[in-house]
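Participant: got a predicted model here, sequence first, then my questions.
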Amino acid sequence: MAVLFIIFLIAQVSPIVLFIVFFKTIKKITELRVLFFYALLSLISDVMLGIFQKNASLVISLFAISENIFFSLLFYLFVQNPKIKKIIASISVICLCLIFSLFFLKKENFDFWAALITGIVIVVYSIFFFFEQVNSPQVLILYQSYKFWVVAGCIIYISGTLFLFLYTSNVRDRQKSALWIINIAFEIIKDICFSIGFLLARKPNQNILAQEYDDTNMLEKPF
């Protein structure tokens, strides 16, 4: 368990360190700045979980809200088509209104419902993202793009932790549950994917792709 915790800590810190190390190269990529602050917030929330164990549920709930905001913003920045951007913005506003309503109404198992809503929107956003990538005139292989690895990390993480929140929805201190190791495992995978994204983004050809590509008629193009 101690070894897993060390791996988890290294994986969690890696995206933050990589952003700082390659800051001069990737500082103009707005979505990676958002990803950096998300990784930083994730680290802070885990520290707070250890310090404020009695209020763990509140910490998890607040992080769930922040997670939805960060992921929505990331996908909004990832896509280039204005029509898709408007759809993502509309979905984000609706989902955030729903999440805040559940939070202030003190809905039972709020963190699960927040994770469920976030999971659904991530799937929808991912469909938009890959649809745009398939129709993109870029010759770059998809897995060579930092965006792909960030999206892959989001999908894997949300998919894994959603089932964890489902199975532990009635557990008061779920972070003390034996199943919480699943969360740690998916956190590690997510952070590894994010780290790969930062490593790929430092390449010069990665930094100009988003600026070169602008197709306002994407939804009208066939596959």
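Facilitator: Cool, the structure landed. No experiment lies behind these values; they were computed from the predicted model shown. Numbering: from 1, shown residues only.

Participant: helices or strands up against the lengthiest helix in the chain?
Facilitator: When every helix of the chain is counted residue by residue (DSSP state H), the longest turns out to be helix 110-134. Applying 3 or more C-beta pairs under 8 Å, 6 or more residues apart in numbering; DSSP states H and E, one finds that helix 110-134 contacts helix 56-78, helix 82-104, helix 146-167. Using the backbone N, CA and C atoms, a C-beta is placed for each residue, glycine as well.

Participant: mind checking which of those helices is nearest Val123?
Facilitator: Within these, the stretch nearest Val123 is helix 146-167; the backing value is 7.5 Å (C-beta to C-beta).

Participant: and the average pLDDT for whichever helix or strand comes after the closest one is what?
Facilitator: Later in the chain than helix 146-167, the nearest helix or strand by DSSP states H and E is helix 180-201. Helix 180-201 comes out with an average pLDDT of 89.

Participant: now tell me what touches helix 180-201 from outside.
Facilitator: Helix 180-201 has contacts (C-beta atoms under 8 Å, 6 or more residues apart in numbering) with 4-5, 7-8, 11-12, 14-15, 18-19, 22, 25-26, 29, 32, 35, 39, 42, 144-150, 152-154, 156-157, 160-161, 163-164, 168, 174-175, 206-207.

Participant: filter these to the buried ones?
Facilitator: Buried members of the contacts of helix 180-201, scored by 16 or more other C-beta atoms under 10 Å, are 8, 11-12, 14-15, 18-19, 26, 29, 32, 35, 39, 42, 145-150, 152-154, 157, 160-161, 164, 168, 174-175, 206-207.

Participant: Glu31 reaches Gln80, doesn't it?
Facilitator: No: Glu31 is not in contact with Gln80 according to C-beta atoms under 8 Å; the separation is 11.7 Å.

Participant: out of these two, which sits in the more crowded spot?
Facilitator: Glu31 (20 against 17; other C-beta atoms under 10 Å).

Participant: so what's that one closest to, chain neighbours aside?
Facilitator: With C-beta to C-beta, 6 or more residues apart in numbering as the criterion, Glu31 has its nearest non-adjacent residue at 4.1 Å, and that residue is Leu77.
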